[in-house]
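no FASTA, just this:
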Ligand code: SF4
């Protein structure tokens, strides 16, 4: 690289170079084996063929399928631009199409768009974050949210700025394309990839390869419903890959298995925690360099077989439920043109332990003398001034990168010992924290009624109220995760929380049938992920939001009083 670039810009360009190396190695993801062959288009495109087949079987296509068939969303940008010039918001068919560009019209909660980006593996540079803070100020509400897919969202975007935002995001080397509607969502990866002490594998090149495949192959936008893919490298911070449609989980295969010993990805399929299912191991292990190719084949089978009539049954889980894993994997192998490697679980070494607090505070990196700091963001929110200051701290004290995590927070890596105190005091001066109670570290909330029309409650407000009430009253010596979600879509994954709350409209006066409704929740307990994977059990319904803090306090106190030993988790 030339000496004209800053160290951070060089690193970014080297990332591009690593993607180019993969391309130069000549690995085609095209299952036809024809390198560079264009995806089918027109009436024979796989998704159109799937729609026609299902109609022929007497199924009535969902409206969203008809909208996709009438006009492919990626052919409609010129109309979006015209609409923005007229300062107009979209009708439902275009509201659906604009989500392919990452724009969500969030009426009636707000007469505004939300824009969701894509940040593969959660890696963003300091100069991208600083530039994004300017985009937030110029075209949006002057803040961003870190999401549960280690991603960023801008909110409060007026209609006239719809395309300005999309274009400005591309100007800074980021993208919002494919981040909503029936697309493959932001590709998550190990938050400590490249510096995690326990990591088996750096997930960044695999997440990048899959991200660019999704961005650039038109066939990847023909899905019946959204689709999530995650890459976990074995670092201490959970990636929650078992909540994804495809989870690639780094494992160490021991000698004497049917494949050579080494580090592979274990293939998990069918996770969708909002539908009470975690991804299950398939028995398949794969060379990490094959991950994107295999994911591509899985998605092609999903495009062929996914339900296009009933949106509630349109996720991969339901294809797997209907066909069974073996029959599904046979179709994947047909797309690939070769069998997948399967091994017995007894040939896989136990995975490195995860640490529920590793995303908060100061932690050593695998590189001697370097640390990362995990920042606490109050339910994921950063003002644009805070975005600028975080970027400046990353540049001045760290290695210039910021890592977003699925725990709605961020890490600043590459901090030398002599810069640690400066970084901590600058974080505090910016109104942020790098320490958190065991309760606040695991507090997750979806957008909620302040910005999502589907929400039955103000989730972020409720989460903050629970933390504020319980922190001074309950002293936890074990991390406890509390997930607050607004509706059955479960963006905050309430079923995997130690305590999970899902929004519900609750009678203000339960003894009066005519009573107005207020924000409330149904409450679940005992969920988990990874080695403790479990779907939470419903404990109590119709709790008013105003009563939720006291209820959570009593649950936490009951846990402390009843557990057999201090290391017994909430789940057990
Ligand atoms: Fe909106 Fe429901 Fe997702 Fe919350 S869980 S952000 S309410 S869709």
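Structure's in. What do you need? The structure presented is a predicted model; accordingly, all values stated were derived computationally and were not measured.

Name all residues that make contact with the spatially most central residue of the chain.
The chain has residue 149 as the residue nearest its centroid, 1.7 Å off, counting by CA atoms, centre = their mean. With contact set as CB atoms under 8 Å, 6 or more residues apart in numbering, residue 149 has these partners: 185, 186, 188, 228, 406. Where you see a C-beta, it was placed from the backbone N, CA and C, and this is true even at glycine.

Try it again at 10 Å.
Residue 149 makes contact with 116, 118-119, 122, 179, 185-188, 228, 230, 240, 243-244, 404, 406, 408, 491, according to CB atoms under 10 Å, 6 or more residues apart in numbering.

Please apply the same query to residue 78.
Contacts of residue 78 (CB under 10 Å, 6+ apart): residue 163.

Check the gap between it and the ligand for me.
29 Å (CB to the nearest ligand atom, to the nearest Å).

Can I take it that that residue is in a helix?
Yes - counting by DSSP: H, G, I helix; E, B strand; the rest coil, residue 78 is part of a helix.

Pull up the per-residue confidence for it.
For residue 78, the model assigns a pLDDT of 96.

picking that back up, three-state assignment of the residue nearest to the centre of the chain?
coil.

how far away is it from the ligand?
Taking CB to the nearest ligand atom, one finds residue 149 at 11 Å from the ligand.

List the single closest residue to that residue in space, sequence neighbours excluded.
Excluding its sequence neighbours, the residue lying closest to residue 149 (CB to CB, 6 or more residues apart in numbering) is residue 186, at 4.4 Å.

is it true that that neighbour touches residue 118?
Yes - contact criterion CB atoms under 10 Å: residue 186 and residue 118 qualify, at 4.9 Å.

Based on its surroundings, how many neighbours for residue 177?
By other CB atoms under 10 Å, the residues close to residue 177 number 21.

looking at it, it is touching residue 183, isn't it?
Yes - because the distance of 8.3 Å satisfies CB under 10 Å, residue 177 is recorded as touching residue 183.

wait, residue 111 sits on residue 158?
Yes - using CB under 10 Å, residue 111 makes contact with residue 158 at a distance of 8.3 Å.

So for these two, which sits in the more crowded spot?
The neighbour comparison of residue 111 against residue 158 (other CB under 10 Å) goes to residue 158, with 17 against 12.

Can you tell me how far the more buried one is from residue 82?
16 Å (CB to CB, to the nearest Å).

Can you pull the residues of the stretch 301-450 of the chain lying near the ligand?
446, 447, 448 (CB under 6 Å from any ligand atom).

Pull the contacting residues for the second one.
Right, residue 447. 104, 106, 109, 114, 145, 147, 153, 155, 379-380, 453-455, 458-460, 485-486, 491-492.

Kindly report the same for the first one.
By CB under 10 Å, 6+ apart, the contact list for residue 446 reads 145, 147-148, 379-380, 408, 452, 454-455, 459-460, 463, 483-487, 489-494, 502-503.

burial of the closest residue to residue 440 other than its chain neighbours, as a residue count?
Spatial nearest neighbour of residue 440, chain neighbours left out: residue 467 (5.1 Å); criterion: CB to CB, 6+ apart. Here the number of neighbours of residue 467 (other CB under 10 Å) works out to 20.

which SS class is residue 467?
Of the three states, residue 467 takes helix under three-state DSSP.

cool, and the one 10 residues further on?
Secondary structure of residue 477, reduced to three states by three-state DSSP: coil.

give me the number of residues near the residue lying closest to it once chain neighbours are set aside?
Nearest residue to residue 477, sequence neighbours excluded (CB to CB, 6+ apart): residue 566, at 6.0 Å. By other CB under 10 Å, 8 other residues sit near residue 566.

quick one: contacts for residue 566?
477, 478, 560.

Looking at the residues you listed, which is nearest the ligand?
Ranked by distance to the ligand (CB to the nearest ligand atom), the contacts of residue 566 are led by residue 478 at 26.6 Å.

Pretty sure the closest one sits against residue 441.
No - applying CB under 10 Å as the test, residue 478 and residue 441 come out as separate, 11.1 Å apart.

And the two? Which one has more around it.
Counted by other CB under 10 Å, residue 478 and residue 441 do not tie: residue 441 has more neighbours, with 22 against 16.

And what about the more buried one, helix, strand or coil?
Residue 441 is classified as helix under three-state DSSP.

Could you measure from it over to the ligand?
Taking CB to the nearest ligand atom, one finds residue 441 at 21 Å from the ligand.

dump the residue contacts of that residue.
Contacts of residue 441 by CB under 10 Å, 6+ apart are 356-361, 374, 376, 407, 409, 435, 476, 479-481.
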